[in-house]
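# Quick one, fold the following:
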Amino acid sequence: MPDTNFSPRITATRDQIIAATRCEIDAKGILGLRVQDVAERAHVSVPLIYKYFGDRDGLLSEVLVTMFDQFVKAQVDTARAMFNALTEPTVKDLFPIFRVPNDAARSSARWANLQTMAASIDNPGLRMKLGEVQIETINYLA
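Numbering: from 1, shown residues only. Presented below is the predicted three-dimensional model:
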């Protein structure tokens, strides 16, 4: 997802900002995210965040799409590994692979994904990137 055509120093700073943003989202949610708080946590200036990501929506787009993509691929990889471990799978064997919606182990990830989808309504860049993730996921499954 992220552009890899940056110098190592810029890449390190961007990674620092992304990590700080993820922490802020975990702590305060998407709606509670303030660029000033991200800047303080990342030990950078607000203008630098805007230089690298354009605006708050650009920052959110990059971070949320990466989080969403990682979650989806981890779920697919886990399901694939569990299924491949079965010698003669039955329908009963498939239930643990496809966890029930109220599974506590996935609760925070589900909440983050729900917030991501909601944020994409007002963030065209995020919506476009989520569409790209969907296409990548379909290709990943093939």
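
# okay, CA-based contacts and neighbour counts for the rest of this
Fine.

# Just name the shakiest helix or strand of the protein by mean pLDDT.
For the chain, the helix or strand with the lowest mean confidence is helix 91-94, at a mean of 82 (criterion: mean pLDDT, DSSP states H and E).

# What lies in contact with it?
Outside helix 91-94, the residues within contact range by C-alpha atoms under 8 Å, 6 or more residues apart in numbering are Phe83.

# ok now it, how far from the chain's centre?
Between the mean C-alpha point of helix 91-94 and the mean C-alpha point of its chain there is a distance of 29 Å (C-alpha atoms, centre = their mean, to the nearest Å).

# now stretch 61-79
Mean C-alpha position of stretch 61-79 versus that of the full chain (C-alpha atoms, centre = their mean) differs by 5 Å.

# what about Ala19, how many neighbours?
16 (other C-alpha atoms under 10 Å).

# From Pro124, how far out is it?
Plainly put, Ala19 is 23 Å away from Pro124 if you go by C-alpha to C-alpha, to the nearest Å.

# Give me the distance between Leu141 and Leu64.
Following C-alpha to C-alpha, the distance that separates Leu141 from Leu64 is 21 Å.

# Repeat that for Phe71.
As it turns out, when the distance is counted by C-alpha to C-alpha, Phe71 lies 10 Å from Leu64.

# And for Asp122?
When C-alpha to C-alpha is the yardstick, Asp122 and Leu64 sit 14 Å from each other.

# More neighbours: which of those two?
The residue with more neighbours, out of Asp122 and Leu64, is Leu64; 27 against 11, by other C-alpha under 10 Å.

# Would you mind listing the buried residues in stretch 45-62?
For stretch 45-62, the neighbour count (16 or more other C-alpha atoms under 10 Å) marks 46, 49, 53, 57-62 as buried.

# Go through these and flag which are in helices.
46, 49, 53, 57-62 (DSSP state H).

# Just the local confidence number for Asn113, please.
In this model, Asn113 is scored at 83, pLDDT.

# For whichever strand or helix holds Val76, buried residues please.
Val76 is located in helix 56-84, with elements delineated by DSSP states H and E. By neighbour count, and taking 16+ other C-alpha under 10 Å as the criterion, the buried residues in helix 56-84 are 57-69, 71-73, 76, 79, 83.
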